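Engineer: Sequence first, predicted coordinates after that:
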Amino acid sequence: MFDIIYPPPAEKIVLSGLLTHRMDKNLFEEDMQEMVMLCRTAGADILETFIQRMARPSPATFIGHGKLAEIHQYMLQEGCKTLVLDAELSPGQIHNIEKVIDGKVIDRSQLILDIFAQHARTNEARIQVELAQLRTLYPRLTHAWSHFSQQVGGIGTRGPGEKQLEVDRRLVQNKIADLKRKLKKVERSRTTQRKRRRKCIRLTLVGYTNVGKSSLLNALSGSDVFVENKLFATLDTATRRTHIPRIGNVVISDTVGFLRKLPHHLFASFKSTLEVVREADVLLIVMDASSKWSDQQFATVNDVLNELGANENHRLVIFNKSDLVNNPFERKKIDLAFPGSLIVSAFNPGDMKLLKEKIQEVVDEFSRDQKMTTIVKQETKTALNK
């Protein structure tokens, strides 16, 4: 007889967000929808969502004592011990909120880190996750003993950095320094690997999380990179070599997805992974054709590219998941808003043929610009030497 292993039950949570007078209601709706997806990706069962409307966040409890008392009453009725807030909370706020609700409080950073911890598959990803966990933990050590006594497992407590919750500031600093050294070693190895590929044209897939970058990589290269319909299913940079007609062999890399309110310390931990973006000859910016927030997501992608110093790279905008768009008017809107972009489905061989042809055009443009730049440099150097 084999024992039947059942998956652990989903953790019951309550979700809450704050809408201030200055916030755009459409952006707030997008953020809350993202939080729903993040919670489900982390393995949570959302019992209820509470929206607080205030002029500004409460310095002590973010959403105010009155709303917290209402949430606490609901949590008692439903037997729920976890509150997730769409916010970057200070250590003091977390401590104060936990005292009111007598439960566990998870902010946006902790939620994303929990998902990262679940999806870290390589040694580099695990180092990056632990580094981000410790960077989150360090400023919260003042309230460590009261805060972490509430944590009884589940969302926000997983991952390789979990055992570091009981160490003091000095040990955390030493651990962060050690992880940085390990990450530098991995980076040097990856830099050496990239130098070997210098002779090939380098294409990099970038974009919002869960837009189908890995599916496109598989379709273009015939590989089998892990694909899942969840946020942050891919944390590691996957690189594959493939052949593009008339161009020859090219190297295509897939990167970790972006998010509009990705906390800066999380971005810093994964910045080394995104070096491949800056070094790309052509960026393939992947969007979700079925998303109603394309404009905001495109702005987020551009913000991240600017921060990485990749704002001048040649680029091609690709709207994936066209199989989910049945309304011709929606396709026309994309054509008008993003001229020169391509609407495709990673599962349509005909679309992938068109995509390769479009990549040829962009690579040809890149090659012409490279030759022109080389000529200008040579002529400038000759003129200066005269």
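Structural biologist: Perfect, thanks for sending it.
Engineer: Surely His21 is in a helix?
Structural biologist: No. His21 is assigned coil when assessed by DSSP: H, G, I helix; E, B strand; the rest coil, not a helix.
Engineer: Can you tell me the closest non-neighbouring residue to it?
Structural biologist: Excluding the flanking residues, the one nearest His21 by C-beta to C-beta, 6 or more residues apart in numbering is Ala55, at 5.6 Å. Bear in mind the C-beta positions are built from the backbone N, C-alpha and C, glycine included.
Engineer: Now do the same for the one you found: helix, strand or coil?
Structural biologist: Three-state call for Ala55 (three-state DSSP): coil.
Engineer: hey, where'd the helices end up in the stretch 101-250 of the chain?
Structural biologist: With DSSP state H, counting those that start in this stretch as the criterion, the stretch 101-250 of the chain has helices at 108-119, 123-137, 144-148, 169-196, 213-221.
Engineer: Give the other helices and strands that the longest one contacts.
Structural biologist: Spelled out, that is helix 169-196. When contacts are defined as 3 or more C-beta pairs under 8 Å, 6 or more residues apart in numbering; DSSP states H and E, helix 169-196 sits against helix 123-137, helix 275-278.
Engineer: Export the ones you listed as TSV, with columns for mean pLDDT, distance to Arg240 and mean neighbour count.
Structural biologist: TSV is the format used below for those (pLDDT from 0 to 100; distance: least, C-beta to C-beta, whole Å; neighbours: other C-beta atoms under 10 Å):
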stretch	mean pLDDT	distance to Arg240	mean neighbour count
helix 123-137	77	17	22
helix 275-278	80	12	19
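Engineer: Looking at those helices, which is nearest to Thr380?
Structural biologist: Nearest of these to Thr380, taken as C-beta to C-beta: helix 275-278 at 24.6 Å.
Engineer: Which strands border the following helix or strand past that closest one, and is each parallel or antiparallel?
Structural biologist: Next along the chain after helix 275-278, taking DSSP states H and E as the criterion, comes strand 282-288. Sheet pairing for strand 282-288, assigned by DSSP bridges, gives strand 201-207 (parallel), strand 314-320 (parallel).
Engineer: Now do the first one: distance to the chain's middle.
Structural biologist: Yep, that's strand 201-207 we're talking about. Averaging C-alpha positions (C-alpha atoms, centre = their mean, to the nearest Å) puts strand 201-207 16 Å from its chain's average.
Engineer: tell me the angle of that strand relative to helix 169-196?
Structural biologist: Interaxial angle, strand 201-207 versus helix 169-196 (axes from the mean of the first three to the mean of the last three C-alpha atoms, to 10 degrees): 140 degrees.
Engineer: And the helices of the stretch 101-250 of the chain: which comes nearest Lys377?
Structural biologist: Across the helices of the stretch 101-250 of the chain, Lys377 has its closest neighbour in helix 169-196 (21.7 Å, C-beta to C-beta).
Engineer: Please, where are all the strands along the stretch 1-150 of the chain?
Structural biologist: Taking DSSP state E, counting those that start in this stretch as the criterion, the stretch 1-150 of the chain carries its strands at 11-19, 44-53, 82-85, 104-106.
Engineer: For Gly43, what are phi and psi?
Structural biologist: Here is the backbone geometry of Gly43 (degrees, to the nearest 10): phi 100, psi 30.
Engineer: Okay, the closest residue to it other than its chain neighbours and Ile115: tell me how far apart.
Structural biologist: Excluding the flanking residues, the one nearest Gly43 by C-beta to C-beta, 6+ apart is Ala10, at 5.7 Å. Here the criterion is C-beta to C-beta, to the nearest Å. By it, Ala10 lies 14 Å from Ile115.
Engineer: Over to Asp24?
Structural biologist: For Asp24, the distance to Ile115 (C-beta to C-beta) stands at 25 Å.
Engineer: what do you get for Lys371?
Structural biologist: 44 Å.
Engineer: Neighbour count for those two, which is higher?
Structural biologist: Using other C-beta atoms under 10 Å, the more surrounded residue of Lys371 and Ile115 is Ile115, with 24 against 10.
Engineer: Per-residue pLDDT of the more buried one, please?
Structural biologist: At Ile115, the model reports a pLDDT of 82.
Engineer: Pretty sure it sits against Ala42.
Structural biologist: Yes. Contact criterion C-beta atoms under 8 Å: Ile115 and Ala42 qualify, at 5.3 Å.
Engineer: Measure how far stretch 104-122 is from the centre of its chain, please.
Structural biologist: 11 Å.
Engineer: actually stretch 47-55, not the one I wrote
Structural biologist: The chain centre lies 25 Å from the centre of stretch 47-55; the measure is C-alpha atoms, centre = their mean.
Engineer: just stretch 339-350 next, same as before
Structural biologist: Averaging C-alpha positions (C-alpha atoms, centre = their mean) puts stretch 339-350 23 Å from its chain's average.
Engineer: outside of that stretch, which residues touch it?
Structural biologist: Contact with stretch 339-350 is made by 212, 215-216, 218-219, 287, 289, 316-323, 325, 331, 334-335, 351-352, 354-355, 358, as judged by C-beta atoms under 8 Å, 6 or more residues apart in numbering.
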